[in-house]
Structures are given as C-alpha cells and as structure tokens.
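# Structure for this input, please:
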Amino acid sequence: MKQYSLLILAFVSLVAAACSDFLEEKSQDEVIPKTATDFREILLGYQDRSACTPAHHVLDDDVAIDESQFWEDEDDYSAQRIEGQFTWQPDMWERPDNGVYDRYGDIYTSISAMNVVVEKIDDADGSTEEKDIVKAQALGGRAYYYFILVNTFGAPYNYDKDALGVVLKLESPFVGKGMERATVGEVYAQIVEDLETASSLLNKYPKQRGDFLMNSTAADILLSRVYLYMEEWDKAAEAAGRAIESAEGLWDYTHQPEGEFFYITTYDNPEVEWLFGNDRKPVSILMASTELASLYDANDRRMNLLPGIRKIETENFGPNVMVRSAEAYLNRAEARVLSLTPDLAGALADLNELRRHRIVGYTDVSITDAEELLQAIRDERRKELCFEAHRWFDLRRYGMPSISHDFRIGTSHPMLRYTLEEKDPLYTLPIPRSVLDSNVELEQNPLTDLRGGVPIN
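Prediction:
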C-alpha cells in the first residue's frame with residue numbers, strides 16, 4: 001500500500017510538471033514509475049476519480065422524486081441539492097445548495113494522467129505485451145473520458161458535429177488556461193482513433209478480465225457505442241459483434257427469486273467486462289419514474305433492480321461503473337435495423353436473446369416492421385441500461401424530445417411541472433462558471449432563462 005501511494009504521489013508530480021525541470025532534485029524515498037506494472041497501477045488510481053458526472057442520474061426521464069422520503073411539513077435537503085439539474089436550470093452548477101458535482105476538473109486530471117502514460121509507457125521496463133496492454137488501457141480510458149465530456153458539454157454528434165465540443169488536449173503537461181474548444185466532430189475523431197488503437201492492441205493478446213482495467217471486449221463495446229452515436233451503423237454492428245464473440249455470455253436473471261434484489265456491479269456478473277470508478281450518485285430522494293416502470297413485463301426480473309437506485313449500489317462501496325456485454329446486443333440490434341442494408345432477422349435475434357435472459361417464461365416475439373422493431377429495441381435499451389448513465393445521452397441522439405419532471409422540495413410546497421422542450425438548449429449542459437473563469441478562451445454554451453414550473457392540480 002505504501003509503495004502504491006508513493007507511485008500515485010510521484011505520478012501526480014509527473015502530471016503536473018512533465019517536460020519541466022521541476023523535479024531535478026528528488027527525495028530518496030520518492031518512487032518514480034519505471035515499469036509497465038508501475039504505470040498499470042497508476043491507471044487504477046486515476047480511473048477511480050471521474051467515471052462520469054452525477055448530473056447524468058437526475059436529468060433524464062427515468063427518474064422521479066420519491067416523496068415517501070419527505071418528512072411532513074419539512075423541506076427536504078436532498079431535493080434542494082438536485083433542484084438545479086432536475087429542473088434543467090442554466091445556473092445549475094452555481095446554486096448555493098447544489099450537491100451535484102460537474103466533475104469537469106476531475107475528468108481532465110484523469111485525461112492528463114492518461115496522456116502521460118501514453119507518452120512514457122514505450123520507454124518503461126517490461127515486455128512488449130505488458131506495455132502494449134497498458135498503452136491500450138490508457139488510450140481507452142482517455143477515449144471514455146472525452147466521450148463523457150463531449151456528450152455532456154457539446155451538442156449531440158448527429159445534430160451538429162461542427163458545434164463546439166470540449167478542449168482537446170493530447171499531450172502533457174495539461175494546461176487549462178487559454179485553450180479553445182475543439183468541435184464535436186474533432187473530439188469524436190480522436191475518441192474513435194484511441195478506441196480503434198486500444199481494441200487492436202488488446203485483441204492481440206489473451207483477454208484479461210477482473211482486474212478493474214479495460215479489456216478487449218470492453219474496448220469493442222465502447223467502440224460500438226461511439227459508432228452508434230455517430231450513426232456509422234455497420235461499424236457499430238461489427239464492433240459489437242466482436243465484443244459478443246469475446247464476451248463471457250449473458251447472465252440469466254430468470255433464476256433470481258421474484259422481488260429479491262441482487263447485485264450486478266460485480267465481476268461475479270459474467271456480463272461485466274470493465275468495472276471501475278466510484279460514481280457517487282445523488283439518489284437518496286430519487287426513484288424510477290412511472291413511465292420507466294410501466295415498460296417492464298410482470299415476469300421481468302430486472303424489476304428486482306427497481307426503483308433503480310439500488311441497481312448501481314455495491315455491497316462494499318467499491319467500483320460501481322460498468323461496461324457490460326448486454327449493451328453490445330442492444331448496440332448491434334439497433335445498428336442492424338438502421339443499416340443501409342438492414343438485417344431485421346439478426347436484430348430480432350439479438351433482442352430475443354437478451355429478453356430470454358431477463359424474463360421468466362419468455363417466448364420469442366416476431367416483429368417484421370422495421371419501425372416497430374427499432375422502438376422495441378430502444379425500449380429494451382431503456383429497461384436494460386437504466387441508471388447506468390446511458391439514458392440522457394440516448395435522449396440527445398434520439399432527437400432531444402420534450403420531457404418533464406414534477407418537483408417540489410417538501411409537502412408544504414406546491415407540486416410544479418418543469419419541461420425540457422424539444423431540442424432545448426439545456427440538452428447541452430452549461431460549462432461551470434469556475435471553469436470559464438480559469439480559461440478565458442472558453443465560450444459558454446447557449447443558455448435559457450431560468451426555467452419556471454407549472455402548478456399541478
């Protein structure tokens with residue numbers, strides 16, 4: 001543990017002062033990462049910092065306020081802490097009671113660490129295989145972090161890839177001041193390049209699983225996700241197919257007793273290919289929305305995971321962010337329907353395969369209409385991946401439909417309905433004021449006026 005801590009401290013210095021003479025004199029106790037194993041341990045430390053922003057768990061239409069948590073005639077502090085994000089306010093990050101952190105700085109710190117690993121791993125001690133795998137994991141991690149950033153603070157790719165995305169920095173040291181935003185398209189191009197390289201390197205060697213670092217299957221799942229967002233349907237289906245071939249298979253939920261919660265955020269779940277991060281979710285006052293809950297079949301064992309807050313818990317507060325193989329089936333199914341040469345039979349087979357592992361007594365369905373099949377796949381995606389930071393991004397790429405939240409901070413207040421309009425500017429989140437103040441070259445995203453609610457009788 002002491003050796004690991006020293007590695008982290010030394011690497012923080014590398015990240016902050018790479019390419020300078022700052023560390024000319026070093027303490028005899030300082031441990032500088034020199035081997036592939038050292039850099040691998042560093043990756044473990046940095047990917048725990050910034051899996052995604054907690055805002056993704058309060059923005060979409062899968063969540064509602066759980067008023068059973070309210071105390072009579074008292075304002076609820078948990079509700080106050082999420083009000084800015086839950087009601088899509090332009091000042092969501094600056095509100096005095098805000099308890100939902102943007103994680104912007106943490107994510108860029110991790111990106112900077114990935115940059116240093118990519119630059120220095122080739123000169124580290126170790127076999128070619130060891131160094132290739134570490135490099136691939138750093139590239140894959142960097143791609144994932146940029147994917148989170150650009151889909152949070154940039155416009156949806158399929159809506160306007162020429163819109164401003166986020167700052168794209170690929171070298172060390174990372175300098176946060178005076179840097180302009182790259183376009184959404186430019187950021188996506190780098191994400192694809194990093195994931196393609198990561199997939200190629202990782203697929204050269206035997207698959208590793210269970211070590212809290214990205215493996216070949218996870219890289220291909222993420223690659224299929226990115227291509228899906230880009231509407232590169234055939235590439236999405238190909239990457240998803242590779243992932244399915246190398247995966248451990250789907251977990252059969254139908255053996256779980258009805259109503260009994262079970263953990264899926266664990267490597268004991270054969271679907272989990274990458275388990276990482278510590279995503280602290282502001283969920284104490286949230287529950288699954290009525291709309292989401294109504295989509296499930298009565299015999300669907302995923303109902304055990306609702307109201308959804310429990311779905312992303314871990315028994316020992318360990319890593320709780322997942323990339324898992326169920327997503328690959330859904331990515332491939334959607335891509336097969338939307339391809340210029342549609343494969344409806346293949347898409348239906350993917351859908352039925354997943355449902356057989358979720359619904360007790362399931363009988364395969366037959367859907368021949370492409371639009372009906374696409375809707376069934378997207379509904380399945382919503383049920384399967386809820387509360388795993390997918391739905392908000394999916395709504396964006398589906399065309400940014402109008403959604404609403406009913407909200408109040410206590411029973412003594414009137415219930416108000418807040419609406420996010422179709423293609424609302426707040427489908428792209430504002431950049432926090434503290435970030436704008438630290439980088440004068442950044443341009444703020446388009447904002448709305450403060451959003452008011454309509455009373456519900």
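
# quick one: the strands in the stretch 351-457 of the chain?
With strands called from DSSP state E, counting those that start in this stretch, the stretch 351-457 of the chain shows them at 403-407, 416-420, 454-455.

# which sections of the stretch 351-457 of the chain are below the confidence cut-off?
Nowhere does the stretch 351-457 of the chain drop to pLDDT under 70.

# Just tell me which of the strands of the stretch 351-457 of the chain ends up closest to residue 107.
Among the strands of the stretch 351-457 of the chain, the nearest to residue 107 by Cβ to Cβ is strand 416-420 (23.8 Å). Every residue, glycine included, has its C-beta placed from N, CA and C.

# buried ones in the closest one?
The neighbour-count check on strand 416-420 (16 or more other Cβ atoms under 10 Å) flags 418, 419, 420 as buried.

# Kindly indicate which of those residues lies nearest residue 356.
residue 420 (35.4 Å).

# just to revisit the earlier point, for the strands of the stretch 351-457 of the chain, give me TSV that also has distance to residue 348.
Output for those, formatted as TSV (distance: least, Cβ to Cβ, whole Å):
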stretch	distance to residue 348
strand 403-407	28
strand 416-420	33
strand 454-455	41
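
# Could you point out the helix or strand that follows the helix or strand harbouring residue 110?
Per DSSP states H and E: residue 110 is located in helix 104-120. Toward the C-terminal end, the helix or strand that comes next after helix 104-120 (DSSP H and E) is helix 128-153.

# if we can go back for a sec, the strands of the stretch 351-457 of the chain: which one's closest to residue 186?
Across the strands of the stretch 351-457 of the chain, residue 186 has its closest neighbour in strand 416-420 (27.3 Å, Cβ to Cβ).

# Tell me how many other residues surround residue 372.
Using other Cβ atoms under 10 Å, residue 372 has 10 other residues around it.

# do the one 10 residues further on as well
When neighbours are counted by other Cβ under 10 Å, residue 382 registers 20.

# check contacts around it.
62, 292, 295, 391, 394 (Cβ atoms under 8 Å, 6 or more residues apart in numbering).

# The third one: neighbour count?
Going back to what we said before, that points to residue 295. So residue 295, with other Cβ under 10 Å, has 13 neighbours.

# got it, and the last one?
Burial of residue 394 is recorded as 15 neighbouring residues (other Cβ under 10 Å).

# That one is in contact with residue 384, isn't it?
No - contact status for residue 394 versus residue 384: not in contact, 11.5 Å apart, counting by Cβ atoms under 8 Å.

# Residue 140: how many residues sit nearby?
Neighbour tally, residue 140, other Cβ under 10 Å: 30.

# Spit out the contact partners of it.
194, 195, 198, 202, 214, 218, 219, 222.

# name the element the second one belongs to?
Taking DSSP H and E as the definition, one finds residue 195 inside helix 184-202.

# Next one: the closest residue to residue 163 other than its chain neighbours, what pLDDT does it get?
Spatial nearest neighbour of residue 163, excluding adjacent residues (Cβ to Cβ, 6 or more residues apart in numbering): residue 155 at 3.8 Å. You'll see residue 155 listed with a pLDDT of 98.

# for residue 73, same thing?
For residue 73, the model assigns a pLDDT of 83.

# looking at it, it is touching residue 410, isn't it?
Yes - using Cβ under 8 Å, residue 73 makes contact with residue 410 at a distance of 7.1 Å.

# Identify the residue nearest the residue positioned nearest the centre of the chain in space, chain neighbours excluded?
Central residue of the chain (Cα atoms, centre = their mean): residue 389, 4.9 Å from the mean position. Among residues not flanking residue 389 along the chain, residue 56 sits closest, at 4.4 Å (Cβ to Cβ, 6+ apart).

# quick one: the one you found and residue 392 touch, right?
Yes - contact criterion Cβ under 8 Å: residue 56 and residue 392 qualify, at 5.1 Å.

# This structure: helices as residue ranges?
Here the chain has its helices, by DSSP state H, at 2-17, 36-46, 77-86, 104-120, 128-153, 184-202, 216-229, 233-246, 290-293, 326-338, 344-356, 370-385, 391-397, 433-438.

# What ranges in the protein fall below the confidence cut-off?
Counting by pLDDT under 70, the chain has low-confidence residues at 1-31, 48-52, 173-177, 280-283, 307-317.

# Phi, psi for the residue nearest to the centre of the chain please.
phi 60, psi 40 (degrees, to the nearest 10).

# Among the strands of the stretch 351-457 of the chain, which comes closest to residue 104?
Going by Cβ to Cβ, the one of the strands of the stretch 351-457 of the chain nearest residue 104 is strand 416-420, 21.3 Å.

# Alpha carbons only: can I get the closest one in CSV?
Provided in CSV are the C-alpha atoms of strand 416-420 (Å, rounded to 0.1, in the frame of the first residue of the first chain):
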residue,chain,number,x,y,z
LEU,A,416,-44.7,22.1,-10.1
ARG,A,417,-44.1,20.5,-13.6
TYR,A,418,-40.9,21.6,-15.3
THR,A,419,-40.5,20.9,-19.0
LEU,A,420,-37.4,20.5,-21.1
